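1. Pasting the sequence and the predicted coordinates here, then a few questions.
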Amino acid sequence: MSQRSRRRRGNSLIEFTLVGIPLIFALISIFEIARGMWIYHTLAYAITEGTRFASVHGINCSTSPNSCSTTIAGIAGVIQYVGVGLQPDLLTLTFTTNSGTSTSCTLQDCLANYTTANWPPANANLPGMDVVISASYPFSSAIAMFWPGTGRGVVFPTFQLPATSRERIQF
């Protein structure tokens, strides 16, 4: 082995360390930011669609001969159908009427427990009144594993992604 090749031994390892590790961190960061954006967009779209569904099921849907009134479970079903990938036990929903009355539940509980009462309720389902549906969904990122001090037994922090939609009752 020549003198020159002995001096160059280990250069590849040092170059990979200086370039490869930051590149891997950048790639993981890009994927995690994209995943967070996808979850937020899905959450916002699901809440918007649920609010639209509620806004067309006002007082005129519960008067005879119509029978198109809906319940919190029905609206939650629309949110679950549109919110692909959102875990029902982690998604917290808040249904607020024009009068300020609100009902909060996880999507899982909304689907199971709120099956009989019409929503919006009789005193807040007139055309022109607003309905508001808000949601909160936790997001935990794998980027946190690169934070200083993380090790075995360290719980990664979660961020609450919020979404709110307001619509006027149409019918």
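-> Noted; the coordinates are in hand.
2. after the helix or strand of the chain with the lowest mean pLDDT comes which helix or strand?
-> With mean pLDDT, DSSP states H and E as the measure, the helix or strand of the chain carrying the lowest mean pLDDT is helix 3-8 (a mean of 65). Using DSSP states H and E, the helix or strand that follows helix 3-8 towards the C-terminus is helix 11-55.
3. Compute the inter-axis angle for the helix or strand following that following helix and helix 11-55.
-> As assigned by DSSP H and E, the chain's next helix or strand after helix 11-55 is helix 72-82. Orientation of helix 72-82 against helix 11-55 (axes from the mean of the first three to the mean of the last three Cα atoms, to 10 degrees) gives an angle of 150 degrees.
4. And for helix 72-82, what's in contact with it?
-> Helix 72-82 is contacted from outside by 45-47, 49-50, 53-54, 57, 86, 88, 91, 93, 95, 103, 105, 107, 110-115, 117, 119, 133, 135, using Cβ atoms under 8 Å, 6 or more residues apart in numbering. Where C-beta positions appear, they are placed from N, C-alpha and C, glycine not excepted.
5. Now the helix or strand that comes right after it: buried residues?
-> Later in the chain than helix 72-82, the nearest helix or strand by DSSP H and E is strand 92-96. Across strand 92-96, burial judged by 16 or more other Cβ atoms under 10 Å covers Thr92, Leu93, Phe95, Thr96.
6. what does strand 92-96 contact?
-> Strand 92-96 is contacted from outside by 54, 72, 75-76, 79, 102-107, 110, 119, 131-137, using Cβ under 8 Å, 6+ apart.
7. what stretches of the protein score poorly on pLDDT?
-> Across the chain, residues meeting the criterion (pLDDT under 70) sit at 1-8, 62, 114-116, 146-151, 153-155.
8. Find the centremost residue of it, please.
-> Leu43 (3.5 Å; Cα atoms, centre = their mean).
9. If you drop the residues flanking it in sequence, what lies closest to that residue?
-> Spatial nearest neighbour of Leu43, chain neighbours left out: Ala163 (4.7 Å); criterion: Cβ to Cβ, 6 or more residues apart in numbering.
10. For that neighbour, give the beta-bridge partners.
-> Counting by DSSP bridges, Ala163 forms beta bridges with Ala135.
11. What distance do you get for it to Ser67?
-> 30 Å (Cβ to Cβ, to the nearest Å).
12. More neighbours: which of the two?
-> Ala163 (21 against 8; other Cβ atoms under 10 Å).
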